[in-house]
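Participant: Dropping a prediction and its sequence here:
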Amino acid sequence: MKPLLSVIIPNWNGKRFLQECLDSLMDQTYSHFEIILVDNGSTDGSVEFVRERYGEFVQIIRNEINLGFAGGNNVGIRAARGEYIVLLNNDTWASPGWLEELVKAIDLNPWIGMWGSKIYSYYKRNQIEAVGELIYWDGLSRAKGQFEQDRGQYEVMEEIFFPPGCGAMYRKKVFDEIGLFDEDFFAYADDAEIGIRARWAGWKCLYVPGAILYHKNSGTGGQHSPFKAFYVERNRFWIVIKYFPLPLLLFTPFFTIWRFAFQAYGALSHRGAAGKFTRMHSPWHLIGILFKAYGSGFRGLPKMWKKRRGLSRLRKVSFGEIFSWFKRFGISAKEISLRD
């Protein structure tokens, strides 16, 4: 029997994206799936539009307030009936065979609990946005293959660290075992947090090159917005506190300082994410966001340390294997800071 998939789409004032996203799901060659739209208190008529245009094709769950990516997905996962959970951003277009290609990869390895798509830029159709995720030594992650032109270099199905959350599939069993998204993260790096937690529990992730998505990157939050800058830096700090082995935890500040050196150069030379941010905002604004991010991060440190102790029971991998992740799926400070 074909497995039932539950496609969960969190939405906050994304009416302008929804028709293209949902129409692409109507055109899927794989038909055994349900769609759960979790609306996070939208005020732009999103719910009314979906209800009128799509009827029972889309199940709508309406939250009174914005619960963020993490909280919105958790609401959808709790309501899901499927054996497999598929997370999809509202600012995407899925190729007709997207779900079918993911389903084909299910039985390749029983320890695969996560599957990643091949994600292109919506606006530059031959430019790769992500074929998995890479991680730096201080917990910051970046998309593998980002900004590369597709020359056929990512056509092989292979293990990746964890999948980008804008288009990923998970066994429901994974969430049953390790718990749901950490809602304190709210947005950004939440896919890294859940991916690392699944890795801790012994699950692996597979990249499926035939599962193709096109993504309007950060269509809701803004690609180089203060909102994104704050949550990315604050949440990567919390990932370190929750999951990094103690020796690495102690050395993490040195890796962060080294990264900051490259990002400072990027901000002044207008290279990398910091450079793109300072084109729209001042360098002082960026410094202020960093202080705000670390203020919030340290205020939440006791809670994260408590979570670290509670999560220790999930760990099925050795510290040696954890260190090997940075060799297999690692990225340098220069590349994560300056790559355009």
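Facilitator: Alright, I've got the coordinates. Not measured: the values here are computed from a predicted model. Numbering: from 1, shown residues only.
Participant: What strand or helix carries the residue nearest to residue 202 when sequence neighbours are not counted?
Facilitator: Nearest residue to residue 202 in three dimensions, chain neighbours excluded: residue 316, at 3.9 Å (C-beta to C-beta, 6 or more residues apart in numbering). (C-beta placed from N, C-alpha, C; glycine too.) Here residue 316 sits in a region with no helix or strand, counting by DSSP states H and E.
Participant: Could you check how many residues crowd around residue 316?
Facilitator: Using other C-beta atoms under 10 Å, residue 316 has 11 neighbouring residues.
Participant: partners of the host helix or strand of residue 117 in the sheet?
Facilitator: Using DSSP H and E, residue 117 maps to strand 112-121. The strands beside strand 112-121 in its sheet (DSSP bridges) come out as strand 128-130 (antiparallel), strand 167-171 (antiparallel), strand 204-215 (parallel).
Participant: my guess is residue 156 contacts residue 209, does it?
Facilitator: Yes - the criterion here is C-beta atoms under 8 Å, and residue 156 meets it with residue 209 at 6.8 Å.
Participant: For the two, indicate the residue with more neighbours.
Facilitator: Set residue 156 next to residue 209 and count neighbours by other C-beta under 10 Å: residue 209 wins out with 17 against 8.
Participant: could the strands paired with strand 112-121 go into CSV alongside mean pLDDT and distance to residue 99?
Facilitator: Converted to CSV, the strands paired with strand 112-121 look like this (pLDDT from 0 to 100; distance: least, C-beta to C-beta, whole Å):
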stretch, mean pLDDT, distance to residue 99
strand 128-130, 97, 18
strand 167-171, 98, 8
strand 204-215, 98, 8
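Participant: closest one to residue 329 among those strands?
Facilitator: strand 204-215 (9.6 Å; C-beta to C-beta).
Participant: Dump that closest one to PDB, restricted to CA.
Facilitator: In PDB, the C-alpha atoms belonging to strand 204-215 read as follows (Å, rounded to 0.1, in the frame of the first residue of the first chain):
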ATOM      1  CA  LYS A 204      20.400   9.600   9.100                       C
ATOM      2  CA  CYS A 205      19.400  11.800   6.200                       C
ATOM      3  CA  LEU A 206      19.300  11.200   2.500                       C
ATOM      4  CA  TYR A 207      19.400  13.700  -0.300                       C
ATOM      5  CA  VAL A 208      17.000  12.900  -3.200                       C
ATOM      6  CA  PRO A 209      18.100  14.700  -6.400                       C
ATOM      7  CA  GLY A 210      14.900  13.900  -8.300                       C
ATOM      8  CA  ALA A 211      12.700  15.600  -5.600                       C
ATOM      9  CA  ILE A 212      12.800  19.200  -7.000                       C
ATOM     10  CA  LEU A 213      11.500  22.400  -5.500                       C
ATOM     11  CA  TYR A 214      11.800  26.000  -6.400                       C
ATOM     12  CA  HIS A 215      12.000  28.400  -3.400                       C
END
